[in-house]
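[1] Got a predicted model here, sequence first, then my questions.
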Amino acid sequence: MALGVFQTGWMRLLSLILQGCCVGVLCSDWAVRVPSAPLCAVAGSSVVLPCSYDYPQPYRVLSEMWCRDQSRCITPRYVYHSQGIFPEPTSQGRVEYLGKEGTRNCSLRISDLRRSDSGTYIFYFITNHPVEKPPGQPGVTLLVADNSSEVAVSLSPAGDVVEGSSVTLFCCSTAHTPVEGYTWYQTGGSTAGDKRQMMTITNISTTDSGNYYCEALTTNKPIYSSALSINVQYAPKNTSVSVNPFGEVVMGSSVTLSCSSDANPAVERYTWLQRTESQASLRGSGQSYSITNISLEDSGQYCCVAMNKHGSQSYTVTMTVGKVNGQSSILWRLVVPVGIPIALTLIIIITVACIRRKTVPASSQQGYSLTETTIQQPLP
């Protein structure tokens, strides 16, 4: 019995040692090889996406798959899956997997090409390795042109282009004559700064929005692509709250708070909360919020949260009650906006955005007074 326990413990220790060495030995065996340059094809023709792969021995492959725009093929639809699950309807009957068991060939043929087939194709596979999986893959880019005299362009990754991310623009020519070089242009005819088939824009900003064109210089003449439009989206910014009426307001009257924010896409929702010393409570939604028949109980922080699908930002107006020259007065202070990641739930976003405080330099504060008298009272 003791010997069996010792052997079991030794095997577990050996397994852990091998896993610890995986980065330098076994893990280096994970590989997927596809062309780094984009592949060009004409609509109606066929194309083969060349591919080969390796994995640590002695493990075996359980499933192989091709997908689009997902580095690990975590997707609801597959261009190809060895188990035939969740096929992409537009690919059915047009794809052929050229790999055979034991060959480590993962090439894929796509027939009857359509312009909509343009994009980045990822090969991924699963083995029976108990711990390791292949790393995420960059994939191979396919560009499909309508005819042989066209320059095709594409953008990766597909989907929304969000401020701060990176994107790659691809260009290739299906012309029968050799291409001597490529040049990218931005809206207005200015050179975008790259003379290769692929141009990467890192930490993209709103100034990068616009139309991009690719010029393929052939031995005969230059050929230009159609416009590739980039619309850089971003979470709400420059959020602010205005108070109306501006200045002194009589107790018992009404005040309207209005919230504005710059966002792309536009703000989907404005939410208002009031925070007192003991709690924060939801007051309403919409770009404006009115406080009617104002009394001392209306004191506290009024927070506007502007939100779109990329994030949120809040702006807080603090209404405090005090005595100014013996008169009951309400003083407004505007607080620096606070940005909150979209990954948090709405209720957490609202709570954190409105409870979190930041010190505002005195020079940047703006004051509004509310008093029972007709004499305007300065902020203390």
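    Sure thing, it's come through.

[2] Against Thr177, how distant is Glu297?
    80 Å (CB to CB, to the nearest Å). Every C-beta, even on glycine, is put in place using the N, C-alpha and C of the backbone.

[3] Nearest residue to Arg109 in space, ignoring adjacent ones along the chain?
    Nearest residue to Arg109 in three dimensions, chain neighbours excluded: Glu96, at 4.4 Å (CB to CB, 6 or more residues apart in numbering).

[4] Adjacent strands (with direction) for the helix or strand harbouring that neighbour?
    If you go by DSSP states H and E, Glu96 is part of strand 95-97. Partner strands and pairing direction for strand 95-97 (DSSP bridges) are strand 108-110 (antiparallel).

[5] how far out from the middle of the chain is whichever helix or strand comes after the partner strand?
    Where DSSP H and E defines the elements, the next helix or strand beyond strand 108-110 is strand 119-127. The chain centre lies 21 Å from the centre of strand 119-127; the measure is CA atoms, centre = their mean, to the nearest Å.

[6] ok, now which ones touch Tyr234?
    By CB atoms under 8 Å, 6 or more residues apart in numbering, Tyr234 lies in contact with Val162, Glu163, Thr206, Ala263, Asn264, His310.

[7] that older thread, more neighbours: Glu297 and Thr177, which one.
    Ranked by neighbour count (other CB atoms under 10 Å), Glu297 and Thr177 place Thr177 first, with 13 against 8.

[8] Now do the residue nearest to the more buried one when sequence neighbours are not counted against Leu143, distance only.
    Leaving out its chain neighbours, the residue that sits closest to Thr177 by CB to CB, 6+ apart is Thr218, at 4.5 Å. Using CB to CB, Thr218 is found at 16 Å from Leu143.

[9] With Met307 instead?
    Separation of Met307 from Leu143 (CB to CB): 37 Å.

[10] swap in Cys51?
    Plainly put, Cys51 is 17 Å away from Leu143 if you go by CB to CB.

[11] Please give me every residue in contact with the residue nearest the centre of the chain.
    For the chain, Val162 is the residue whose C-alpha lies nearest the centre (CA atoms, centre = their mean; 5.1 Å). Going by CB under 8 Å, 6+ apart, Val162 touches Ile204, Val232, Gln233, Tyr234, His310.

[12] could you flag which of these are buried?
    With burial judged by 16 or more other CB atoms under 10 Å, the buried subset of the contacts of Val162 is Ile204, Val232, Gln233, Tyr234, His310.

[13] Thanks again, I'm all set now.
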